[in-house]
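*Asks:* just to be clear, the model below is a prediction. Sequence and coordinates:
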Amino acid sequence: MEKNIETFLGCDNDFDESRIVIFGAPFDSTTSYRPGTRSAPRTMRAESFGLETYSPYQGLDLEDAKIFDSGDLELCFGKAELALSDIEARTEEILNAGKLPLMIGGEHLVTLGAVRAAAKRYPDLHIIHFDAHADLRDEYLGAELSHAAVIRRVWDILGDGRIFQFGIRSGDRAELEWGGSHVETNLFGFRGLEETIEAIAGKPVYFTLDLDVLDPSVFPGTGTPEAGGVTFCELLDAVLKVAKLNIVGMDINELSPMLDASGASTAAALKIMRELMLAVYHNKFTTGK
């Protein structure tokens, strides 16, 4: 792969030497309320230069990490399956090169393409899912490929006992009742996260972070805001705990920059992304785990 012309802050290493590979999935064609997440990868990359590479939370620096930014995919907006196929192919290419993919969405449906590739490589794949929404509908307005159904489609691949949700505070009765028999859903926050981490330690884990898990007072720039979310510090603490697992793929999604003209939502997303990259890189590639 060739280096992207404009890279995420500090992520301008060559592909061959890098351990983590970033790519953007600018897709929001199934958004059910307010669109705009297709702008997130480009905006996050440009605005990342408002950050420092150094994290005072962890005492780590992106300048010491080998991370490659491959830029954004050019995705078909009219057919979700075509977009998912392109995402799956890029994720598979990264995994086959022995590297860890980090995808920037886009709406949450993009996770399905990445999980398809990860599940082929890691048959015992487990999912950690942070979100305001359960995303367990079998369909939404007749569409089985929807950001409101993405975790249900992931379940179609993985089955029972391998999906763990946290921060959930929205869902219709049928999907939450269905989820009670098929996935582990932890409502309103991160209670039970440490027990889950202990239970799946050593297993391959795909981590999907829907940023609307944050309260809208912290993160208004999202298509479907839900009151009652977690604080930035609560999310950061949870992300750093998850990063100690055997992460084999990850994504950050559902920032819609145009819905927060202040830029505060983008700034929050960027800081979480920096801390996630640093924590996973340190735990996976510098400590022998």
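*Replies:* On my side now, so go ahead.

*Asks:* run through this protein and note the low-pLDDT ranges.
*Replies:* Counting by pLDDT under 70, the chain contains low-confidence residues at 2-5, 30, 142-144, 288-289.

*Asks:* switch to 50 and redo it
*Replies:* Where the chain drops to pLDDT under 50, the residues are 289.

*Asks:* just give me the residue closest to the centre of it.
*Replies:* D251 (2.4 Å; Cα atoms, centre = their mean).

*Asks:* quick one: secondary structure of that one?
*Replies:* strand (DSSP: H, G, I helix; E, B strand; the rest coil).

*Asks:* the residue lying closest to it once chain neighbours are set aside and A264: what is the separation?
*Replies:* Closest residue to D251 apart from its sequence neighbours, by Cβ to Cβ, 6 or more residues apart in numbering: M103 at 4.0 Å. For every residue, glycine as well, the C-beta is placed using N, CA and C. Separation of M103 from A264 (Cβ to Cβ, to the nearest Å): 23 Å.

*Asks:* what's near enough to touch F68?
*Replies:* By Cβ atoms under 8 Å, 6 or more residues apart in numbering, the residues touching F68 are M1, K3, C11, N13, D14, F15, S18, I20, V21, I22, K99.

*Asks:* M103 and A264: who's more crowded?
*Replies:* M103 (26 against 13; other Cβ atoms under 10 Å).

*Asks:* from one end of stretch 113-129 to the other, what's the distance?
*Replies:* Its start and end residues considered, stretch 113-129 measures 15 Å (Cα to Cα, to the nearest Å).

*Asks:* what residues sit buried inside it?
*Replies:* 113-119, 122, 125-129 (16 or more other Cβ atoms under 10 Å).

*Asks:* do the same with stretch 213-223
*Replies:* Neighbour-count burial for stretch 213-223 [16+ other Cβ under 10 Å]: V213, L214, D215, P216, V218, F219, P220, G221, T222, G223.

*Asks:* JSON lines for those, including distance to L270 and secondary structure?
*Replies:* Formatted as JSON lines, these follow (distance: Cβ to Cβ, whole Å; DSSP: H, G, I helix; E, B strand; the rest coil):
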{"residue": "V213", "distance to L270": "16", "secondary structure": "helix"}
{"residue": "L214", "distance to L270": "13", "secondary structure": "strand"}
{"residue": "D215", "distance to L270": "18", "secondary structure": "coil"}
{"residue": "P216", "distance to L270": "18", "secondary structure": "coil"}
{"residue": "V218", "distance to L270": "14", "secondary structure": "coil"}
{"residue": "F219", "distance to L270": "12", "secondary structure": "coil"}
{"residue": "P220", "distance to L270": "16", "secondary structure": "coil"}
{"residue": "G221", "distance to L270": "12", "secondary structure": "coil"}
{"residue": "T222", "distance to L270": "15", "secondary structure": "coil"}
{"residue": "G223", "distance to L270": "18", "secondary structure": "coil"}
